[in-house]
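**Student:** Provide a 3D model corresponding to the input given below.
(one chain, ligands or ions: 1)
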Amino acid sequence: MALFQDISLTPELLLATAIFCIVFYVVKALRTRVPKGLKSPPGPWGWPIIGHMLTLGKNPHLSLTKLSKQYGDVLQIRIGSTPVVVLSGLDTIRQALVKKGDDFKGRPDLYSFTFISDGQSLTFNQDTGPVWVARRRLAMDALKSFSIASDPNLLSSCYLEEHVSKEANHLVSKFQKQMEEVGHFEPVNLVVESVANVIGAMCFGKNFPRKSKEMMSLVKNSNDFAENVSSGNAVDFFPVLRYLPNPALKRFKNFNNKFVLFLQKTVQEHYQDFNKNNIQDITGALFMHTENSKDNSVQIPQEKIVNIVNDLFGAGFDTVTTAISWSLLLLVTRPNVQRKIHRELDTVIGRDRQPRLSDRPQLPYLEAFILETFRYTSFLPFTVPHSTTRDTSLNGFHIPKERCIFINQWQVNHDEKQWEDPFEFRPERFLTDDSTAINKTLSEKVMIFGLGKRRCIGETPAKWEVFLFLAILLHQLEFSVPPGLKVDLTPTYGLTMKPPICKHLQAWPRFSK
Ligand code: HEM
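**Tutor:** Prediction:
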């Protein structure tokens, strides 16, 4: 009795009990209520405050692939205090993004997104309502009309073919000039100019300032963007980092400011000569839509129509440049593969004409090379982060509304259950048994454009563009590096993963014109 009296009188004990009760109730209140029959996604133990930030490390796609082997296709981590569900496995991802597409189509409220396109971006924005649907449809229609749709007024099959043929031939000349002057070159800065000119011409027609210093400096600094909108960027999850010196964040803000200013100026200049009876490019089509906006069922605010071009231009140059840059490095490190592409081009195209888009079905090996480059490099290792729009479930796990979702495309493309020798670069894997066509079922297992409601709207033009650039370059040139030079293929993590800079690429003419 005396013992109990002693304990009950201790003020320290009273205080400790009170703190314990408060903590217990706070933790209980914060824990997600899991409906009967479902479980919370599993995951490793995380540190207080930082959660699993250290686990992600420099290559979150690799760390999260490793974790998926232990915890499965639906796992949960915590970055800072934010829970994040990570999805792996093609079937599970299809289930989420296609079958339950509406539940998983959201975008999380991330700090970095607020700087992109003044927070009005179609891609990096939380809106999933009727305005987003209407903007996405408008972007798809305008992009299609001025890239891949056939137009009887053109000499080429479509705008894309016209612009890419011209730019690819310029690029051949630029490579050759570098060879004559220096004997080798760094390809990315030359490729990005050509690719930016293609999307610039589709967006702005003759109003695109092809040679302006401002444009070139922007497109050459796209890394400042990609490194900050990657899945797991610390600034999005640790608010304190926004107030500490942060050079990467500063470069990102700077890039976005310059990008919006450049595009606003180009749009305004274009408006001076807008003629609604002669629409020649994407911005013209968007101007037209603002004129007719009263007739449309969903009213999109005026400023949200024309700035769709920011998303298209932004998405259109960095991704395609990265694809072509990886392709060139894989070609010089695998001369056998390059020889097979050359042989195919010589047999199908010959030397008297240039490759065209319509040659695609007859060039299955080149097509297989592109698919294998997408799969092997998985240079968009995650999609743009998603979030759930309502409480939902996946594979028996409860996922509450507004949960941040990472989708690991890299894991899908290297899944040992789907791919034989996933770490080998082997284009042949995509060919049918008689090597005359692409194995469609296998090609659909490559995941680099996302899936479902947020699937990339530029997938078809991007695939056609990469094909035609490579076909024209490889038809005319043989690429190599000086004998003995070791080419580093270690990527740098980001929204798009880039190869290391290689300054010693060489290009040799295959025949005189
Ligand atoms: C090889 C080139 C490309 C790759 C690998 C690629 C990949 C992707 C990926 C992974 C996403 C995110 C999907 C998601 O969040 O689930 C995306 C979104 C998007 N892409 Fe692409 N892309 C490429 C080229 C292009 C091009 C050329 C354009 C337009 C000219 C474009 C326009 C867009 C847009 C507007 C979105 C946002 C869609 C939305 O949020 O609803 N992309 N892309």
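
**Student:** C-alpha only now, for contacts and for neighbours.
**Tutor:** OK.

**Student:** Per-residue pLDDT of Glu161, please?
**Tutor:** The model reports Glu161 with a pLDDT of 97.

**Student:** Could you find the closest non-adjacent residue to it?
**Tutor:** Leaving aside its sequence neighbours, Glu161 sits nearest to Leu357 (CA to CA, 6 or more residues apart in numbering; 6.8 Å).

**Student:** what residues does this protein put near the ligand?
**Tutor:** 122-123, 311-312, 315-316, 319-320, 323, 380, 383-384, 448-451, 454-459, 461-462 (CA under 6 Å from any ligand atom).

**Student:** Can I get the buried part of those as one PyMOL selection?
**Tutor:** Typed into PyMOL, the line below selects the buried ones among the residues of the chain next to the ligand, using 16 or more other CA atoms under 10 Å:
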select buried, resi 122+123+311+312+315+316+319+320+323+380+383+384+448+449+450+451+454+456+457+458+461+462
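
**Student:** Sitting in helices, which of the residues of the chain next to the ligand do you find?
**Tutor:** In this view, the residues of the chain next to the ligand that belong to helices under DSSP state H are Asp311, Leu312, Ala315, Gly316, Thr319, Val320, Ala323, Glu459, Pro461, Ala462.

**Student:** what comes up buried for stretch 285-292?
**Tutor:** Ala285, Leu286, Phe287, Met288, His289, Thr290.

**Student:** residue in the stretch 101-250 of the chain nearest to the ligand?
**Tutor:** The nearest approach of the stretch 101-250 of the chain to the ligand comes at Thr123, 3.6 Å away (CA to the nearest ligand atom).

**Student:** residues contacting the most centrally placed residue in the chain?
**Tutor:** Centroid check for the chain by CA atoms, centre = their mean gives Leu380 as the closest residue, at 4.8 Å. Going by CA atoms under 8 Å, 6 or more residues apart in numbering, Leu380 touches Gln409, Trp410, Ile448, Gly494, Leu495, Thr496, Met497.

**Student:** any idea which helix or strand comes after the helix or strand where Val309 lies?
**Tutor:** Assigned by DSSP states H and E, Val309 belongs to helix 308-333. The helix or strand immediately downstream of helix 308-333 is helix 335-348, counting by DSSP H and E.

**Student:** give me every residue that touches Glu162.
**Tutor:** By CA under 8 Å, 6+ apart, the contact set of Glu162 is Leu155, Ser156.

**Student:** what helix or strand is it on?
**Tutor:** helix 159-181.

**Student:** What are the boundaries of the helices in the stretch 101-250 of the chain?
**Tutor:** Using DSSP state H, counting those that start in this stretch, the helices of the stretch 101-250 of the chain run over 130-145, 159-181, 188-204, 213-220, 223-226, 234-237, 247-272.

**Student:** possible to save those as TSV with distance to Thr347?
**Tutor:** As requested, the helices of the stretch 101-250 of the chain are exported to TSV (distance: least, CA to CA, whole Å):
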stretch	distance to Thr347
helix 130-145	32
helix 159-181	20
helix 188-204	27
helix 213-220	37
helix 223-226	39
helix 234-237	51
helix 247-272	44
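
**Student:** which of those helices is buried the deepest?
**Tutor:** Of all the helices of the stretch 101-250 of the chain, helix 188-204 has the most neighbours on average by mean count of other CA atoms under 10 Å, namely a mean of 24.

**Student:** okay, the angle between that one and helix 159-181?
**Tutor:** Put simply, helix 188-204 runs at 150 degrees to helix 159-181, going by axes from the mean of the first three to the mean of the last three CA atoms, to 10 degrees.

**Student:** still on that earlier bit, farthest pair within the buried residues of stretch 285-292?
**Tutor:** Every pair in the buried residues of stretch 285-292 was compared (CA to CA); the two farthest apart turn out to be Ala285 and Thr290, at 8.9 Å.
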